[in-house]
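**Student:** Have a look; sequence and predicted model below, questions after that.
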Amino acid sequence: MIGYVCKYTPVEMLESMGAEMVRIEPEATDFDLADAALHPNLCSYAKAVLEDFAQKDYDGIVLTTCCDSIRRLYDVLHSRYPDKFIYLLDFPRIVNDFSASLFEVQIKKLAEAYGKFSGNKFSADIFRKKMPVCHGKINLNRGINNSGHPSVIIAGARCGRSFLDMVRKSGAYILSDITCTGLERKFNTTDMPENSSHLFRSYAGQLLCQVPCMRMTDLSRRKKLWQQLTQKADGIVYHTVKFCDNYSFEYAAIRRKVGIPVLKVETDTTPQCEGQLRTRVEAFLESLRANKKYQGESTDKSSKSNKNKIYVLGIDSGSTSTNAVIIDGEKHIIADDTIPTGAKVSESAEKIRSKVTAKAGLAEKDITMTVTTGYGRVSIPFADGNVTEISCHGKGAQYFNPNVHTILDIGGQDSKAIRLNGKGEIADFVMNDKCAAGTGRFLEAMARTLELDVSELGPISMKSTKAVAISSMCTVFAESEVISLIAQNKEKADIVHGIHNAIAGKAFSLLSRVEPQPEYMMTGGVAHNAGVVKAVEEKLGAKLYICPKPEIVGAVGAALVGLEKVLSG
Amino acid sequence: MNPAEFYGGIVRKKIPKNPKLAGNMIKAGLHLESFRCAHFPEKGMPKAYQYLNYMAVKVVADALENPETYIWTNIFAPAELLQTFGMTCVSMECLASYLSGFYLEDYFIDLAENQGIASTLCSYHKNFIGAASTGILPNPILGVTTSMICDGNINTFRYLNSQCGVPYFVIDIPHNWSPEAEDYVVRQLKQFIPVLEEKSGKKYDEDALKETLKRENESKKHFFNALQKRLVHAYPNTMTLVLFLLLATHLNIGSQWVLDFFRMLDKEIDTYPSPKSEKRLMWIHLTPYTEPTLSKYLNYNPKYAIVCDDFNLDYTEMLDTEHPLHALAKKMICNIYNGDFSRKADACAAYAQKYNCDGVVEFCHWGCKQSCGGALLIKDKMRKIGKPMLILDGDALDRRNNHDGQIRTRFEAFLEVLENGQEAT
């Protein structure tokens, strides 16, 4: 079994020499070995390939000079596995006759090396039989979407099958997968004469002529493909891999130009961030659906129901706290409450349901509908439906202040920036990655280090005369930085001020990515911290609207979604 | 707050509303710095380095004043060929460093990241992209990059083309040398020449290129002499000077001023006394010149000194002056950073032995996958030859990514290892 990773690998040639070629789609659980042999800051995909190679029974691997991380992966594998077939195939970045002839030489060298390793010889006949043939043009999209789901293009760096499955299960129709390894490979054999020398030349040329990846010099074919596909799709899910930078250039170049919404998601090949990823993809699809729905549908269907007897419960099950709100048919908030989420989501949801219904003077049977949101939204068995917290914060924010167009939500373990369009629908949003930098958890850790309660941070920072610079936003490093500042006898107020400035910097960076429009609102528990609010306002150069209970905005949004459902029958 | 930080603070405020004024302030700042280098050099800086310091700033300041003859390049671009067309190479890495000298890197890096550029990209590239997108830098007539060594090259130049409209030319460098690979590069250089002729309005002059390569070979001889003499003469330097040296060994190699500098270096080093119980370090990859602890230990310190580094010695062969394009092609393909990493590891081990280094430090610069990915392979190699090696993680440009406390602990522990004569860390 020989592994490979790159679409420019001459898979068919090696198969014709008897190699069982396997495209490596690793799903790592950890990077223990890779971090020890390579470096933690290398592309997660390359590290996951190393883990996969070490765990499975590969006879070898054929890598290409596709990127810096893969080149170093080759160097490490080559030094660690001297008895296996570890090969690095160089291929040109330019596509023309001369580069094809250079690539032909490289392919022949690979055939020779594999022949030596396996004892097998190249056979032109078998090679032709192995060739996936294309008669005419290769079709890069799956045609008409009759599924009723939004059509999306998956683009960017390599992504695994589980990611594609997750996107599908979230309710997307994948129109086309143009990630590194997503494209089908087919060859025109009429252009491959019997003579094996010409055969290699034609094969090399056709391999190079695939839709170019970001490594290649000329991307005009790629640009043309974008133009074709974006006419048929509702949105783009742009996938990047942690520490793989190449595709971020394309993302930066297209995000504002393609004319359809783009969601950027980053993975590191591990399942650790699955929940957050799902939230983002579902929220994106919700916004695509909403865009479509509002184009065709008329509005008020409230006459269908008797609004007075309606009570809708919205529960926001977050990583730190669970918030609940009950609204009536006239959208009045009847009761709300907040409790810590604790270890089990379903238990805290059950508990808050009892508390908030009691507070409202209602029985559980009086609740017309329950809609959940937040990380735990899918784990609450009594819910009638669930919506992502992105959409809910949008709805909730509009409820409190219809002039709000940009929302900054800093929650326990994530922070997000959301921009709403004129109708209050999600126009764009970004979330922090799975790192806790700039979130409520970060503040909690800093407060602990400073021996303060989180609630004391805001007031104490107001006493600061000069902020101390906190350079690291990593929770772990920032903690040790704060410890060394304490050791230097810096004032606590100044340190806290510095921490708030660091969070504000991160928040501003998130906001900048959604092209923020006034008015601005901050939601989530961190909005109680006047120091953070002030620091963000200074960065933003504008006031933030803070509603009386900023932590319940998501739950209000969930209840409003539920009410819409009830009213529309 | 030091003057550069204060001045940078004023520039920073001007960037959003008046990028042209901010750009002019940067140019003025560089001219001021070159004046300072010429008339008020740092105390303890040898004369040859004073000249290097002055020229390193002056060349860039002058280039920014004359955008019709300046070119954005990467550090490995064939500067010799560009010089013969009267063009000045200003590499994006160099400009990014200079902007960091004004304490502006955080501003530009955040700007690039906010455009969607990966936060894990090399800080040099992000800094440069951010700066270029503000319009503070004059657009050059051309961008030139080689594909070798760093993934960011082609993508950065392509992105800048889309953002600022700067035309660019890519020279694709194969991974390993072969006659076919050399021909492939020569062919591209031949395609590049008409582009340069058109941009400069000058005809290609092969004799001028041959003369440039001769000066390059001569410069190298003096440089290697100086490195050899450094074994017996204590010649002070700083981390910044190690970086400035790259302007001599790469971006301006072959020019008369670089030859003058290396001659001066070769001669002046004889006048310095023999070192007294110094610990000699080899540095791998970039020096984080803003890092306080490392600056304290390595700048003009008679006890600890960087005596050689891999970057300034990435191609040590003499060039075939009779076949200049082939010589340049070979130089780029056979750079120790290109090809299998074992070549670089072997070269580093050879330098550490040749220049009698007590220890080796590799600085894994944030975002540089090609370098940090092989750090452990070099460490294995150094272990085999008995050279202690320290791997430091940090950022050579973005001050926010370095944690001095952590670097201090590691570096001081390493110095203790060297003092105690232990084998490896």
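**Tutor:** Nice, thanks for sending it over.
**Student:** neighbours around the closest residue to residue B:263 other than its chain neighbours, how many?
**Tutor:** Leaving aside its sequence neighbours, residue B:263 sits nearest to residue B:222 (Cβ to Cβ, 6 or more residues apart in numbering or on different chains; 5.4 Å). Bear in mind the C-beta positions are built from the backbone N, C-alpha and C, glycine included. Residue B:222: 19 surrounding residues under other Cβ atoms under 10 Å in any protein chain shown.
**Student:** Who is the residue positioned nearest the centre of chain A paired with across the strands?
**Tutor:** Here the mean C-alpha position of chain A is nearest to the C-alpha of residue A:265 (Cα atoms, centre = their mean), at a distance of 2.2 Å. Residue A:265 has these beta-bridge partners by DSSP bridges: residue A:239.
**Student:** list the contacts for it?
**Tutor:** Residues in contact with residue A:265, defined by Cβ atoms under 8 Å, 6 or more residues apart in numbering or on different chains, are A:237-240, A:277, A:280-281.
**Student:** can I assume the residue nearest to residue B:263 sits in a helix?
**Tutor:** Yes: Residue B:222 sits within a helix when classified using DSSP: H, G, I helix; E, B strand; the rest coil.
**Student:** Check what pLDDT it gets.
**Tutor:** Model confidence at residue B:222, given as pLDDT, is 98.
**Student:** from what I can see it touches residue B:268, true?
**Tutor:** No: counting by Cβ atoms under 8 Å, residue B:268 is not a contact partner of residue B:222; they are 10.9 Å apart.
**Student:** which non-adjacent residue is nearest the closest residue to chain A within the stretch 301-425 of chain B?
**Tutor:** Residue nearest to chain A within the stretch 301-425 of chain B: residue B:373 (2.8 Å; Cβ to the nearest Cβ). Of all residues not flanking residue B:373 in the chain, residue A:72 sits nearest, at 2.8 Å (Cβ to Cβ, 6+ apart).
**Student:** rewinding a little: do you know the pLDDT at the residue nearest to the centre of chain A?
**Tutor:** Note for residue A:265: predicted pLDDT of 90.
**Student:** Give me the neighbour count for residue B:32.
**Tutor:** 14.
**Student:** SS state for it?
**Tutor:** Per three-state DSSP, the secondary structure class of residue B:32 is helix.
**Student:** Now do the same for it: its pLDDT.
**Tutor:** With respect to pLDDT, residue B:32 scores 95.
**Student:** what residues are up against it?
**Tutor:** Residue B:32 makes no contacts at all, as judged by Cβ under 8 Å, 6+ apart.
**Student:** buried set for the helix or strand containing residue B:10?
**Tutor:** Per DSSP states H and E, residue B:10 falls inside helix B:3-14. Across helix B:3-14, burial judged by 16 or more other Cβ atoms under 10 Å in any protein chain shown covers B:7-8, B:11-12, B:14.
**Student:** next one: stretch B:374-385
**Tutor:** Buried positions in stretch B:374-385, judged by neighbour count with 16+ other Cβ under 10 Å: B:374-379, B:381-382.
**Student:** what's next to that stretch, contact-wise?
**Tutor:** By Cβ under 8 Å, 6+ apart, the residues outside stretch B:374-385 that reach it are A:36-39, A:72, A:75-76, A:79, B:284, B:341-342, B:344-346, B:348-349, B:352-353, B:360, B:362, B:364, B:388-389, B:391, B:423-424.
**Student:** Looking at the record's assignment, how would you partition chain A?
**Tutor:** Here the domain parsing of chain A from automatic domain parsing is A:2-130, A:151-295, A:302-401+A:554-567, A:433-546.
**Student:** What's the local residue count around residue 232?
**Tutor:** In the absence of a named chain, this looks at chain A. Neighbour count of residue A:232, defined by other Cβ under 10 Å: 16.
**Student:** switch to chain B, that's the one I care about
**Tutor:** By other Cβ under 10 Å, the residues close to residue B:232 number 13.
**Student:** how about low-confidence regions in the chain?
**Tutor:** You didn't say which chain, so I picked chain A. A:134-143, A:181-184, A:191-197, A:272-273, A:292-308, A:433-437, A:471-477 (pLDDT under 70).
**Student:** actually chain B
**Tutor:** Scanning chain B for pLDDT under 70 picks out B:1, B:422-425.
**Student:** so how far is stretch A:423-431 from its chain's centroid?
**Tutor:** 16 Å (Cα atoms, centre = their mean, to the nearest Å).
**Student:** for stretch A:276-284, that is, sorry about that
**Tutor:** Its chain's C-alpha centre and that of stretch A:276-284 lie 8 Å apart, by Cα atoms, centre = their mean.
**Student:** what does it contact?
**Tutor:** A:163, A:166-167, A:170-172, A:235, A:237, A:261, A:263, A:265, A:267, A:375, A:388-391, A:414, A:426, A:429, A:431, A:434.
**Student:** quick one: the helices in the stretch 1-150 of chain B?
**Tutor:** When assigned using DSSP state H, counting those that start in this stretch, the helices of the stretch 1-150 of chain B occupy the ranges B:3-14, B:19-39, B:47-65, B:79-83, B:92-101, B:105-114, B:123-134.
**Student:** ok and the second one relative to helix B:3-14, angle-wise?
**Tutor:** Angle between the axes of helix B:19-39 and helix B:3-14 is 170 degrees (criterion: axes from the mean of the first three to the mean of the last three Cα atoms, to 10 degrees).
**Student:** Measure how helix B:19-39 sits relative to helix B:47-65, angle-wise.
**Tutor:** Interaxial angle of helix B:19-39 relative to helix B:47-65 (the same axes, to 10 degrees): 160 degrees.
**Student:** buried residues in helix B:19-39?
**Tutor:** B:19, B:22-27, B:29-31, B:33-34, B:37.
**Student:** okay, the helices of the stretch 1-150 of chain B in TSV with distance to residue A:22 next?
**Tutor:** Converted to TSV, the helices of the stretch 1-150 of chain B look like this (distance: least, Cβ to Cβ, whole Å):
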stretch	distance to residue A:22
helix B:3-14	52
helix B:19-39	52
helix B:47-65	51
helix B:79-83	44
helix B:92-101	39
helix B:105-114	36
helix B:123-134	34
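**Student:** so which of those helices comes closest to residue B:302?
**Tutor:** Minimum separation from residue B:302 across these (Cβ to Cβ) falls at helix B:47-65, 15.8 Å.
**Student:** neighbours around residue 315, how many?
**Tutor:** Because you didn't say which chain, this covers chain A. 29.
**Student:** could you do chain B instead?
**Tutor:** Neighbourhood size, residue B:315 [other Cβ under 10 Å]: 20.
**Student:** wait, isn't residue A:274 in contact with residue A:166?
**Tutor:** Yes: if you go by Cβ under 8 Å, residue A:274 and residue A:166 touch, sitting 7.2 Å apart.
**Student:** Look at those two and report which has more neighbours.
**Tutor:** Counted by other Cβ under 10 Å, residue A:274 and residue A:166 do not tie: residue A:166 has more neighbours, with 19 against 14.
**Student:** quick one: that one is in a helix?
**Tutor:** Yes: counting by three-state DSSP, residue A:166 is located in a helix.
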